[in-house]
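Participant: Here you go, sequence then predicted model.
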Amino acid sequence: MDREILMDLVTKTMPFGKYKGRLLCDIPEHYLVWMHRQGFPEGKLGMWLHTLYEIRINGLEGIFVELKKQVKK
């Protein structure tokens, strides 16, 4: 997995909707599942959300713990 994409997931915020302003990595799984059914948006945001969806459904969200620590430094 591309480290730059992972860093984007812990630094970029959701630009619209119910979770506007929240870090992408903090968006709840149920919302990602819903969005997957509706269709992810085009462009980078869609790619980020789809990547996050795959991470969540595969139980890999633990990778964000260390990345968040690195960002806070």
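Facilitator: The structure has been received and is ready for your questions. Since the structure is predicted, the reported quantities are computational estimates derived from the model, not experimental observations.
Participant: Please list all residues in contact with residue 15.
Facilitator: By C-beta atoms under 8 Å, 6 or more residues apart in numbering, residue 15 lies in contact with residue 45. For the C-beta atoms, the positions are set from N, CA and C on the backbone; glycine is no exception.
Participant: mind checking which helix or strand it is in?
Facilitator: Counting by DSSP states H and E, no helix or strand carries residue 15.
Participant: so how far is residue 37 from it?
Facilitator: In this view, residue 15 and residue 37 are 20 Å apart by C-beta to C-beta, to the nearest Å.
Participant: and if you look at residue 62?
Facilitator: From residue 62 across to residue 37, the span is 25 Å (C-beta to C-beta).
Participant: got a list of what residue 55 touches?
Facilitator: Residue 55 is in contact with 9, 61, 63, counting by C-beta under 8 Å, 6+ apart.
Participant: Kindly report the same for residue 41.
Facilitator: Residues near residue 41 by C-beta under 8 Å, 6+ apart: residue 49.
Participant: Verify the assumption that it is located in a strand.
Facilitator: No: counting by DSSP: H, G, I helix; E, B strand; the rest coil, one finds residue 41 to be coil, located in no strand.
Participant: and the nearest residue to residue 8 once chain neighbours are set aside, what element?
Facilitator: Nearest-residue entry for residue 8: residue 48, 5.9 Å, with adjacent residues in sequence omitted and distances by C-beta to C-beta, 6 or more residues apart in numbering. Here residue 48, judged by DSSP H and E, is contained in helix 43-57.
Participant: Lovely, talk soon.
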